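Visitor: Got a predicted structure here, sequence first:
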Amino acid sequence: MLKIAFAPIYKYELPKGHRFPMEKYELIPQQLLHEGIVSENQFFHPSRLLIEDILLTHTEEYWNKLRDNDLSAKEIRKIGFPVRPELIERGRYISQGTIECVNYALENGISMNIAGGTHHAFADRGEGFCIFNDFAIAANYYLNLKVLKKILIIDLDVHQGNGTAKIFENDRRVFTFSMHGEKNYPLRKEFSNLDIGLKDKITDNEYLEILKFTLPKIIIDFKPDFVMYLAGVDVLATDKLGRLNLTKIGCKERDRIVFETCKNNQIPVSVSMGGGYSERIADIIDAHVNTFRVAQEVWY
Ligand SMILES: [Zn+2]
């Protein structure tokens, strides 16, 4: 059964006027139930991430600053949200959601988090709406336990997974693969194990050809025992920040390529949602819901 991490704390009340589409964290589960793609018993509430597990990835200095409300104005500006204790709490539940997703994926082949994919968080700082790096936290958790030995992170959000790339820069147990808009944020890119910088306005066919060509090669060469997939939907042509030209069908096909490649190679996958900033919230929800739909089609 496809298990999905979700808790009401995922939706955080932003100050009026903030343009981040926070409501998606409530609307995605509603839509999944409404369409009958999943049922109520497939959702699970993650518990709260332990501090010792934060510190496997993030520095003590950064955690202390978060805990003591001691970030500078500049550091808060980089994150892009007003950093209140509730937001930090939220981040702990979401990251723990990814940890618990990995466990479910090991049992069932796949598991998904309604939020997460906070790939712009570095060990010592947050940025781009990201405080904790959920993939790094979950990866380090299982590597530390020696449950996983080789993890492939497939980051197909339109923005480079700069925090993740930097965290695992010298860690041979994790292969970071990021396909992103070359001219998009972050302007200064980090080095993933494999970066593919895409030109603006790239279309479905060109995009999917690159993915179909590249992903199987990475899997043959690296031989991961686990995949973490960041399925951001800011690759859509309708996205305000994306700069690419993918349709919803193309975006769904992208997810299918990832899932079928993993399933055919018997590699379990945990998925986090990542970004999505289309003008119409319905476009964002539709595209995210498609990821769940394809997961159900491929595995069940
Ligand atoms: Zn993004």
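Guide: Received it, and whenever you're ready, just let me know what you need.
Visitor: Stretch 278-285 vs the ion: in contact?
Guide: No - judged by C-beta under 5 Å from the ion, stretch 278-285 and the ion are separated, with a smallest distance of 11.7 Å. Placement of C-beta: from N, CA and C, glycine included.
Visitor: Quick check: mean pLDDT of that stretch?
Guide: Average pLDDT, stretch 278-285: 97.
Visitor: Stretch 38-56 too?
Guide: pLDDT averaged over stretch 38-56 equals 98, rounded to a whole number.
Visitor: Residue 15 and residue 81 touch, don't they?
Guide: No - the criterion here is C-beta atoms under 8 Å, and residue 15 misses it with residue 81 at 9.1 Å.
Visitor: out of those two, which sits in the more crowded spot?
Guide: Set side by side, residue 15 and residue 81 show more neighbours around residue 81, with 18 against 8, by other C-beta atoms under 10 Å.
Visitor: hang on, residue 76 packs against residue 83?
Guide: Yes - applying C-beta under 8 Å, one finds residue 76 in contact with residue 83, separated by 5.4 Å.
Visitor: Could you list which residues are in contact with residue 250?
Guide: If you count contacts by C-beta atoms under 8 Å, 6 or more residues apart in numbering, residue 250 has them with 203-205, 207-208.
Visitor: next one: residue 197
Guide: So residue 197 contacts 160, 180-182, 189 (C-beta under 8 Å, 6+ apart).
Visitor: what secondary structure does the residue most central in space within the chain sit in?
Guide: Nearest residue to the geometric centre of the chain (C-alpha atoms, centre = their mean): residue 117, 2.1 Å. For residue 117, the assignment made with DSSP: H, G, I helix; E, B strand; the rest coil gives coil.
Visitor: contacting residues around it?
Guide: Going by C-beta under 8 Å, 6+ apart, residue 117 touches 134-135, 157, 230-232, 272-275.
Visitor: Show me the subset of those that also lies near the ion.
Guide: Answer for the contacts of residue 117 near the ion (C-beta under 5 Å from the ion): 157, 232, 275.
Visitor: Residue 82: what secondary structure?
Guide: The three-state assignment at residue 82 reads coil, by three-state DSSP.
Visitor: For the ion, give me its nearest residue in the chain.
Guide: Using C-beta to the ion, the single residue of the chain nearest to the ion is residue 275, 2.8 Å away.
Visitor: didn't that residue look like it was pressed against residue 241?
Guide: Yes - here residue 275 reaches residue 241: they are 7.4 Å apart, a contact under C-beta under 8 Å.
Visitor: Need the overlap of contacts for those two.
Guide: 158-159, 234.
Visitor: need the residues of the stretch 151-300 of the chain near the ion, please.
Guide: Applying C-beta under 5 Å from the ion, one finds that the stretch 151-300 of the chain approaches the ion through 157, 159, 232, 234, 275.
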